[in-house]
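Asker: the sequence isn't on hand, but the structure is:
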C-alpha cells in the first residue's frame, strides 16, 4: 500500500512537471507581450521603457534560461529583478511575479484556492448525494411514475443554458424571495457558519444542476447491476429487498461512479468560472479571468499549474478510494 | 394449458436407488417425506412481441433425500420453473400460475415476506457461474454469514463462525483465512464450493442447483458432484439438479424430468428414462451425446431447431422435429397435445407422446452412442 | 524399437490392449509439423517500486504433427494451452520460440502479408458463434470475403459459390442476404464453417466449435463437420474440452496439461489404454452416460486441488503436485514425451511411471488363467 502510494506520488510529480513545461511553453514562448501590457497603452510607454521592463522581468534573456529560472523558482525560490535596487525575493514554490499586483503569484493563487476548493467540494458533495439518491430510487422503481419523473426532470434541466439558470436562481432565490442567503465567501477559519451559509446556495444550485447527468448514470448502472448474478444470489439468501439494493447492487454500481466523479472534479475545478462570476465568489476562476484581461501571464500560468497539481492529487485519492471499494484492484 | 390433475397421482415417490433409505433423517422432515409439489405451473412473460410461454403446466413433486434432475436445452423452461420455486421472478414482469407447495407453504402469490423467509432457510439455490454469482467486492465469509444472519438472530461473530464452519465442511482448506478473502482470490472450483456453503448455511430442506458444474473443468466437476452427493447423504436434503448434461444426470440423479418447450415430456427414474427413453425427444438427446466410453457410429441428433416460445407449434410442441410422426395415425401429433401417459406396466413413469410403443421403435434404432449389447442388456 | 523401450511384460500389454494405429503407415507425410512450440505471455506485476515482468507459460514446448485428412484432438482443462496452440498454428499469435512447418514451409514468424497464401490452406472455426461474425455484414458478404481477399473467383461467380457453400453446410441458399442475428447459434456456427470452407483449405483448426451449442444442435454440427471431413478430405485440429466429442471426432488425440502435451496417441490408445496418470484421471472424472445402461463404473480417480499457476509451474513433471505416483525423480527430471511400456511407436507419454490402467485387470486375468 505504502509502496503503491509512493509510486503514484512519483508519477504525480512527473505529471505536474509536465504540466509546468506545457504551461511555460504555451504562455511564455507564444507571441505574447507582457512587457507591453505591463507598460500600458499611454504615451509614457516608450520603447526604452519597454526595454527596461523587459530587463527587469528577465524577459530579455534566452527562453531556455527563463525556463531554468522558472523551474528553479518552483523548486528553491528565486530573486526577481535586474538590479539591486528592485530585487524581489520570491520564495519556493515560486510561480513567478505578478506584473499587475506586484506580488508573488503563488500567494495570489493560494489565496484564492480555498475559495474554489470550498465551492467544488460542496458542489460535488451535493451532486453525488443527489445522484445516488435519485439514481437508486429511479432504478428501484423502474418504469413507474417516480422513475419517469426523475428521468424526465434530469433530461429537461440540462437543456437550459447554465448561465441563464444560474442567473434566474440568483435573482429569484437570493434576491427577490431571499429564501437562501446571498452568496458570499468567508474563510472557514474565520467563521464556519458564515462560510457555510454564504456558499450554501451556490452548492445547492450547482450540485443540483450538475447532478442530472449523474442521476441517469447511477440509474443505468444500478439497473445493470440488478441483472447481475450476484444480486440474484443476494436475493436468494432471504435478505430484505432494501438490503439487496444497498448492500449488494449499489455497492457494485458505485465503483465506476467513483471514477466518473474523479474525472469530473478536474472539470469542475476549471469550470467554476461561470459559477464564480454569476454568484460573485472571488475564486481562482475569477482570478484567471481578471489576469486574462490584464495580460498578467504569470498569474494565468500559476492558476494552471496549481489546478494541475490538485487534479493530480485528486486522481490519486480517487484511485485509492476505488481500490477500497473494489478489492480486485491491488494497491500493493 | 395442459391438464395435469389426473397425472399427479402418477408422480408418486419413486423408490429409486437403495441409498435413499440409508440416508439419515432429520428433525421435522424424514427422508422420503414430500418437500416440494409443483402443480400446473405456468410462467409467462409478456413482451412487446407477444406472450413468451416459458413454462406450460408443469407437475412434479420431490421427496426429502431425493435428487431430481430437470433436463432440457435452452428455452426448455428448466431454469425458469426453478426460479419460480425460489420466488425469484419479478412479479411485475412474469405471470405465474398454478401452485408450488414448498414444505407445506404455497409460493405462488405468496407475500414478499413469506418468500423472503423461505429463501435459503427452506430452499436454497446455487447457480451456474460461480465467478459471477458471488459479489466481487464482499468477503466470501461475510457473504455466507449474511445469509445465516438473515434467518438467525445471532451476533456477527457467531454468524462468522458458522460461515467458517461451512467453508470447512465443503472442503475448503484453511477456512478461517479463506473466509476473509474475496471471490477473485478463489479458483473456480473453490468458488463453487463457497456457493454450496452459502446454499447450505441455513440447512435448507431443498437445494436447487442450476447447472452447478457446467462452467467447471471436468476434474473439478467430479469433485463438486461428489461433494453434493456427500452433503445430501449428510443433510438428507432434496436436490433439484438443473442440467443439460445427460452424463451428469446418469451419475447423480434418482429421477429425471425431461422438459421441452416449457412442458415435461418424460419423467421417471434416471435408469429408466436414460436406458429406455420413451419420448422421441429424450431419445434424440441421448443419441446426440458422443460417448466417452465407446467409439460409436455417427450421432443421430434431433433435426431442426427448438420452437419459439412466442408461437408454440400446435398439438405436440415437438412434432416439427419428430421423426416418428408418421407412425401416429390421423395426424394427431399436429392436432392434439398428448397427455403425460402412464405406460401399462409402471405407474411412476410418464411420457407425453402419442406413439403407442416407443420403446420397441427405439430399440430397433438403438441409440448409437452405445454399442448394441449394452443397449439391450436391460431388456 | 518397442522391445528396447518396453521394459517388462510387453507381450501381455499387447494382449490386453491391442492398439491399432490408423496412422502407423510408414509413408505418412505430415502436412503440419509443430516442434518445441513455445508461447509466453508477459504480465506486469506491481509489487515493488518498479514493475517486474513475469511470463505466463501458456504453451511450453509442444510438438506434434498432422497428416493430410487426419484429425488431431487437443484436449485438456482450462489453462492447459490448447486454445493458444490453435491460435499459434493459425498465426493469430506469434510464437515465442519453436517452429511451425506447414506444407514444408516455416510459418512461425512470417509477416502478415506473407501469411496470406498460407491462410488459404489453413482456416479456423471459432467457439463463439455470436462474437465471430460481424453483425453488419450479410451472410453473403461474410462467406464471400475470403473469396475476394484471395482473388479466387471473378465477381460474377462469387454469389453462386457462396450459395453452394451455404447448401453444403445445410443452410438455405436463399438466405444469402440475411444478417447473422437472424440465425440461431447452431446456424451461425454453420456460417462460420462455410466461411472457413470458402477458400478450400486443407487444414482446419476448430477451436471448441460445438461447446457453446445445445446438445441436439451440437450433434448436428458434429455430423456436418464429419461429413465435410469425409467428402472434402480435410484435416482437422480439433481443440475441445469435451472428451466424448473428441473421442467421436478425432483419429489422434493429444492430452495437454499446463502448456505441455502429456500424452499423444491414437484414439484407441488414449481412450482404451491411457498411460499418463493425468489422462487416466481426466477420463475417470468425466461422467459417463453408459453407467445407467449397465456399464461397469471403474474405480474413480479423484484429483485433489487445483491446477498450479502457469507463471511458476512445478519443476520436473508439471503434474507431479497432483499425482499419486509422484516420486523424487518427478521433481528433478522432466519426463520426455516418448513411447513407453511398449505403447507402440506412435503412442507417446511424458511420465516416468507410465503404465496402462488396465494392468491390474490384466494381472488378475493372468493369475486365474
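Answerer: Nice, thanks for sending it over. Predicted, not measured: the structure shown is a model, and the values here were computed from it.
Asker: nearest residue to residue 275 other than its sequence neighbours?
Answerer: Went with chain A since none was named. residue A:206 (5.6 Å; C-beta to C-beta, 6 or more residues apart in numbering or on different chains). Placement of C-beta: from N, CA and C, glycine included.
Asker: my bad, chain C
Answerer: residue C:354 (4.0 Å).
Asker: do residue C:321 as well
Answerer: residue C:314 (5.1 Å).
Asker: list the residues that contact the one you found.
Answerer: C:308, C:320, C:321, C:331 (C-beta atoms under 8 Å, 6 or more residues apart in numbering or on different chains).
Asker: of those, closest to chain A?
Answerer: residue C:308 (20.6 Å; C-beta to the nearest C-beta).
Asker: quick one: which helix or strand includes the closest one?
Answerer: Here residue C:308 sits in a region with no helix or strand, counting by DSSP states H and E.
Asker: got phi/psi on it?
Answerer: phi -70, psi 170 (degrees, to the nearest 10).
Asker: residue 315 in helix, strand or coil?
Answerer: Assuming you mean chain A. helix (DSSP: H, G, I helix; E, B strand; the rest coil).
Asker: around the residue of the stretch 51-200 of chain A found nearest chain C, how many other residues sit close by?
Answerer: Chain C sits closest to residue A:75 of the stretch 51-200 of chain A, with a gap of 22.5 Å, by C-beta to the nearest C-beta. For residue A:75, the neighbour count with other C-beta atoms under 10 Å in any protein chain shown is 11.
Asker: and it, that's in a helix?
Answerer: Yes: counting by three-state DSSP, residue A:75 is part of a helix.
Asker: please report the distance of the spatially closest residue to residue B:351 that is not a sequence neighbour from chain A.
Answerer: Leaving aside its chain neighbours, residue B:351 sits nearest to residue B:278 (4.1 Å; criterion: C-beta to C-beta, 6+ apart). Counting by C-beta to the nearest C-beta, to the nearest Å, the gap from residue B:278 to chain A is 35 Å.
Asker: neighbours of residue B:278, how many?
Answerer: By other C-beta under 10 Å, neighbour count at residue B:278 equals 25.
Asker: can you list the low-confidence ranges for the chain?
Answerer: Went with chain A since none was named. A:1, A:30-44, A:56-58, A:81-87, A:330-332 (pLDDT under 70).
Asker: the chain in question should be chain B.
Answerer: By pLDDT under 70, the weakly predicted segments of chain B are B:1-30, B:295-298, B:343-347, B:359-360, B:363-379.
Asker: please enumerate the strands of it.
Answerer: Secondary structure of chain B (DSSP state E): strands at B:34-47, B:50-63, B:67-71, B:95-102, B:105-106, B:123-126, B:206-210, B:238-243, B:255-260, B:263-269, B:350-351.
Asker: what do you get for the stretch 51-200 of chain A?
Answerer: A:77-80, A:88-91 (DSSP state E, counting those that start in this stretch).
Asker: for the nearest residue to residue C:269 once chain neighbours are set aside, what are its contacts?
Answerer: In space, and not counting its chain neighbours, residue C:269 is closest to residue C:347: 4.2 Å by C-beta to C-beta, 6+ apart. Going by C-beta under 8 Å, 6+ apart, residue C:347 touches C:19, C:21, C:263, C:264, C:265, C:266, C:269, C:270, C:275, C:339.
Asker: separation between the residue sitting nearest the centre point of chain A and residue A:303?
Answerer: Centrality entry for chain A: nearest residue to the mean C-alpha point is residue A:269, 1.4 Å, by C-alpha atoms, centre = their mean. The spacing between residue A:269 and residue A:303, counted by C-beta to C-beta, to the nearest Å, is 10 Å.
Asker: overlap of the contact sets of these two?
Answerer: residue A:284.
Asker: next to chain A, which bits of chain B? Give me the list.
Answerer: B:86, B:88, B:92, B:112, B:116-121, B:124-125, B:127, B:129, B:132-138, B:146-147, B:150-151, B:182, B:184, B:195, B:198, B:202 (C-beta under 8 Å from any C-beta of the partner chain).
Asker: any bit of the longest helix along chain B sitting next to chain C?
Answerer: Taking DSSP state H as the assignment, the helix of chain B that covers the most residues is helix B:218-235. Yes: for helix B:218-235 and chain C, the contact criterion (C-beta under 8 Å from any C-beta) is met by B:218, B:219, B:220, B:221, B:222, B:223, B:225, B:226.
Asker: still on that earlier bit, any chance of the strands of chain B in TSV, plus mean neighbour count?
Answerer: Listed next are those as TSV, based on neighbours: other C-beta atoms under 10 Å in any protein chain shown:
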stretch	mean neighbour count
strand B:34-47	19
strand B:50-63	22
strand B:67-71	26
strand B:95-102	18
strand B:105-106	12
strand B:123-126	28
strand B:206-210	24
strand B:238-243	26
strand B:255-260	28
strand B:263-269	26
strand B:350-351	24
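Asker: doesn't the residue nearest to residue C:275 belong to a strand?
Answerer: No: using three-state DSSP, the secondary structure at residue C:354 is coil, not a strand.
Asker: nearest residue to residue A:184 in space, please, no chain neighbours.
Answerer: residue A:198 (4.1 Å).
Asker: returning to that earlier point: right, and the residue nearest to residue A:275 touches residue A:278 too?
Answerer: No: counting by C-beta atoms under 8 Å, residue A:206 sits too far from residue A:278 to count as a contact (10.0 Å).
Asker: ok, now which ones touch the residue lying closest to residue B:75 once chain neighbours are set aside?
Answerer: Computed as C-beta to C-beta, 6+ apart, the closest residue to residue B:75 that is not its neighbour in sequence is residue B:306, at 5.4 Å. For residue B:306, the contact set (C-beta under 8 Å, 6+ apart) comprises B:73, B:74, B:75, B:76, B:260, B:261, B:321, C:214.
Asker: most surrounded residue in the residues you listed?
Answerer: residue B:260 leads the contacts of residue B:306 on contacts (other C-beta under 10 Å) with 29 neighbours.
Asker: how about it, what does it touch?
Answerer: Residues near residue B:260 by C-beta under 8 Å, 6+ apart: B:72, B:76, B:281, B:306, B:317, B:318.
Asker: in this structure the third one contacts residue B:261, no?
Answerer: No: because the distance of 9.4 Å does not satisfy C-beta under 8 Å, residue B:281 is recorded as not touching residue B:261.
Asker: overlap in contacts, the two.
Answerer: In contact with both residue B:281 and residue B:261: residue B:318, using C-beta under 8 Å, 6+ apart.
Asker: between the longest helix of chain B and strand B:206-210, what angle do the directions make?
Answerer: With axes from the mean of the first three to the mean of the last three C-alpha atoms, to 10 degrees applied, the angle from helix B:218-235 to strand B:206-210 works out at 170 degrees.
Asker: in helix B:218-235, what counts as buried?
Answerer: B:218-228, B:231-232, B:235 (16 or more other C-beta atoms under 10 Å in any protein chain shown).
Asker: same deal with stretch A:88-99?
Answerer: Those buried within stretch A:88-99 under the rule 16+ other C-beta under 10 Å are A:90, A:93, A:94, A:95, A:96, A:97, A:98, A:99.
Asker: cool, and stretch A:298-313?
Answerer: Under 16+ other C-beta under 10 Å, the buried positions of stretch A:298-313 are A:298-312.
Asker: and of the residues you listed, the nearest to residue A:239?
Answerer: Minimum distance to residue A:239 across the buried residues of stretch A:298-313 is 40.0 Å, recorded for residue A:311 (C-beta to C-beta).
Asker: out of the residues of chain B next to chain A, which end up buried?
Answerer: Among the residues of chain B next to chain A, those classed as buried by 16+ other C-beta under 10 Å are B:86, B:88, B:116-121, B:124-125, B:127, B:129, B:132-138, B:146-147, B:150-151, B:182, B:195, B:198, B:202.
Asker: wait, residue C:153 touches residue C:162, no?
Answerer: No: Residue C:153 is not in contact with residue C:162 according to C-beta under 8 Å; the separation is 9.6 Å.
Asker: residues contacting residue 216?
Answerer: As the question left the chain open, I've gone with chain A. A:135, A:151, A:154, A:155.
Asker: oops, I was thinking of chain B
Answerer: Counting by C-beta under 8 Å, 6+ apart, the residues that residue B:216 touches are B:130, B:188, B:189, B:192, B:224.
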